[in-house]
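> Quick one, fold the following:
(chains A and B)
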Amino acid sequence: MTTVDDVRAVIPNADPEQVKKVLALKKKAWPYTFRAERDLVALRAKLEATFQPGEKGNAPGSKSTKRYKIAGRLASKRGSGGIAFLDVEGQDGKLQAILDKFEMGDAAFDAALHLLNAGDWVGIAGYGMRSKRGEPSIGAEKVTLLAKSLVPLIDLRTADNPELRYGKPYIGLMQGPDARRVLVQRARITQVVRQTLEKDGFLDVAIPVLEKVYGGANAKPFTTKSNAKDMTMYLRISHELALKKLLVGGLERVYHVGPAFRNEDIDTTHNPEFTLMECYAAYWDYNNMMRLTEKLFQKAVAAINGGSLQLKRPDGTILDFANFQTITMKDAIKSHSADTPDAVTWWTEHNKAPMGAGMAPGLDVDEMTDGDIQRILARHDVVIRGGYARGLGIAKLFEVFAEAKLMQPTFVIDHPKETTPLCKAHRKDPSLVERFELFIAGREHANSYSELNDPYAQAKAFSEQEARRFAGDDEAPPTDQDFVDALSHGMPPAGGLGIGIDRMVMTLLGLDSIKQVLPFPQMK
RNA sequence: GGGUGAUUGGCCUAGCUCGGUUAUGGCAGCGGACUUUUAAUCCGCUGGUCGGGGGUUCGAAUCCCUCAUCACCCGCCA
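This next block holds a predicted model:
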């Protein structure tokens, strides 16, 4: 015979009063199944349309005498003498159940109210009705405890404790349909991304998480050890190299949505593991990928925004996904550095234009010396690990002057070649590569290349990265000789695209922390 | 990596600056009242020794040391 003390010995937080109730139920305490309506929101709407306030479905000659069964978590219990109100909360919304002492009988009524507490899972069988105040309800004929909560329901409206909110995600999710909606909409977004890719003929392929060599991005990896092979292995930092090897093998359009791992610090936009979508299409370049990117975002926005491409943010600004902007990196630096003190200083030094106050055109990197760039970066305390290179300096100028200002969906194109070793040179300017990044709300959301498929150029790019590693850039990836070998067998021309799904969800839902879109975020 | 602040019953919280009789209030819980509530309301009750350890003192939630956990800011993360 189990006692309250037995339970408390292993579940110290358990409320003795609730444990007593469970033990008294004996074998009936934890039932196995319950058939119930799936959609309480729809049922609530239906009852509202069917009945007038105060009208009950068990009255003789009622419009609808249909019986219903509903189930959910008991969110609130309100007694008022011989009548009691239960808020039964399903995943997406709640429906009220009403217990009437005259109808149920004293014993059943008192027993049900005593047994149930907020937080319990409950099943209700009864008829449709509306309360005198008009609330659509189920008039309870039978009440079943489906599962007891042994600890009190925590109300985060008053208990704003981050340890509870993020350390125990179920506590946060229990707070109501709104708390769960983010995860529901996140699922919608990834579903739409997958559907859109599938429709365009992209094949969902399995790729390894554990790798002998990591690559495809600049990041510090997590390491682990394989006992079977007695060697250090790495958790992938991107999906890029594996997917491209499949292009070599003859798969023409491939994608993967899954986690990538980066051993870096945690903040509002970075989690050590995050969900990355990457896709590659043979015979495409970055222009084709821009069109695909637009489509992916437009379909996702439409899916969560009632079909509209004008997405209103919490601060009132409208993001217009109907019209994506395009700007080169150099032009972005120029237009967004206009009238900054740095631009005024530079133009004055070079005596390039008659200077009125606040009239400086932006920085024109093609006219700037390396010294000019380094001076300005130094003024902004920007350090380039592994040493200065002109292209990296230009990329830093973009970060300093332009990145945060790109609110509307904007493709920034044609980066300096030093920024990436995996991208084809620009067909019109060898100092650039055919790359774009999509910026929305000041954050990077997508990254795409006309993929480099010349094995010799790839090998050389790898050795330049190695040089940077030796010079102190601990995020420069090592050479992946296996990848060079793959390219030597011939990879078709291809476009590639990567999208950080967590950030995409954040932006589309108007949230400002990655913790809010992850059910299990890492805490610092 | 640096700095600041916090830790009081299941949850939130007062008290701590200028140490002193049985540690404040709310939510939840338990009991009672009420047949139409919407975080219902009203009355009563149970529950904590104040994050762990050490020290100062006649006496510490209140002062000191230490450990732990957490938060915030800065740095780092194209």
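
> List the buried residues in stretch A:19-38.
Using 16 or more other C-beta atoms under 10 Å as the burial criterion, the residues of stretch A:19-38 that qualify are A:19, A:21-22, A:34, A:36-37. C-beta here means a position set from N, CA and C on the backbone, and glycine is covered the same way.

> And for stretch A:383-391?
By neighbour count on 16+ other C-beta under 10 Å, the buried set for stretch A:383-391 is A:384, A:386, A:389-391.

> Which stretches in the stretch 151-300 of chain A count as strands?
A:203-204, A:210-211, A:223-226, A:231-235, A:253-261, A:273-282 (DSSP state E, counting those that start in this stretch).

> Lowest mean pLDDT across those strands, which one is that?
If you rank these by mean pLDDT, strand A:223-226 sits at the bottom with a mean of 86.

> Pipe the strands of the stretch 151-300 of chain A into a markdown table and attach mean neighbour count and distance to RNA strand B per row.
Shown next, in a markdown table, are the strands of the stretch 151-300 of chain A (neighbours: other C-beta atoms under 10 Å; distance: least, C-beta to the nearest atom of the strand, whole Å):
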| stretch | mean neighbour count | distance to RNA strand B |
| --- | --- | --- |
| strand A:203-204 | 14 | 24 |
| strand A:210-211 | 15 | 18 |
| strand A:223-226 | 10 | 17 |
| strand A:231-235 | 15 | 15 |
| strand A:253-261 | 20 | 12 |
| strand A:273-282 | 22 | 11 |
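
> Out of these, which gets nearest to A:Ala459?
When the strands of the stretch 151-300 of chain A are compared by C-beta to C-beta, strand A:210-211 sits nearest A:Ala459, at 19.1 Å.

> what's A:Ile124 sitting at in phi/psi?
A:Ile124 adopts backbone torsions of phi -130, psi 130, taken as degrees, to the nearest 10.

> residues contacting the spatially closest residue to A:Arg133 that is not a sequence neighbour?
The shortest distance from A:Arg133 to any non-neighbouring residue, by C-beta to C-beta, 6 or more residues apart in numbering, is to A:Pro53 (6.8 Å). By C-beta atoms under 8 Å, 6 or more residues apart in numbering, A:Pro53 lies in contact with A:130-134.

> what's the longest strand seen in chain A packed up against?
When chain A is parsed with DSSP state E, its longest strand is strand A:67-80. Under the contact criterion of 3 or more C-beta pairs under 8 Å, 6 or more residues apart in numbering; DSSP states H and E, strand A:67-80 touches helix A:40-50, strand A:83-89, strand A:94-100, strand A:121-130, strand A:136-147.

> ok so, going back, the residue nearest to A:Arg133 and A:Arg130, how far apart?
5 Å (C-beta to C-beta, to the nearest Å).

> re earlier: pLDDT score assigned to the residue nearest to A:Arg133?
Confidence at A:Pro53, expressed as pLDDT, is 94.

> can you give me phi and psi for it?
Residue torsions, per degrees, to the nearest 10, at A:Pro53 are phi -50, psi 130.

> now A:Gly498
Torsion angles, degrees, to the nearest 10, at A:Gly498: phi -130, psi 140.

> just to revisit the earlier point, mind putting the buried residues of stretch A:19-38 in a markdown table, pLDDT, distance to A:Leu113 and secondary structure included?
Output for those, formatted as a markdown table (pLDDT from 0 to 100; distance: C-beta to C-beta, whole Å; DSSP: H, G, I helix; E, B strand; the rest coil):
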| residue | pLDDT | distance to A:Leu113 | secondary structure |
| --- | --- | --- | --- |
| A:Val19 | 93 | 18 | helix |
| A:Lys21 | 94 | 12 | helix |
| A:Val22 | 93 | 16 | helix |
| A:Phe34 | 95 | 20 | coil |
| A:Ala36 | 95 | 21 | coil |
| A:Glu37 | 94 | 23 | coil |
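
> is it possible to export these to a markdown table including distance to A:Ala322?
Listed next are the buried residues of stretch A:19-38 as a markdown table, based on distance: C-beta to C-beta, whole Å:
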| residue | distance to A:Ala322 |
| --- | --- |
| A:Val19 | 58 |
| A:Lys21 | 57 |
| A:Val22 | 56 |
| A:Phe34 | 46 |
| A:Ala36 | 42 |
| A:Glu37 | 38 |
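
> ok so, going back, which single one of the buried residues of stretch A:383-391 is nearest to A:Lys515?
Among the buried residues of stretch A:383-391, and counting by C-beta to C-beta, the member closest to A:Lys515 is A:Ile384, at 30.1 Å.
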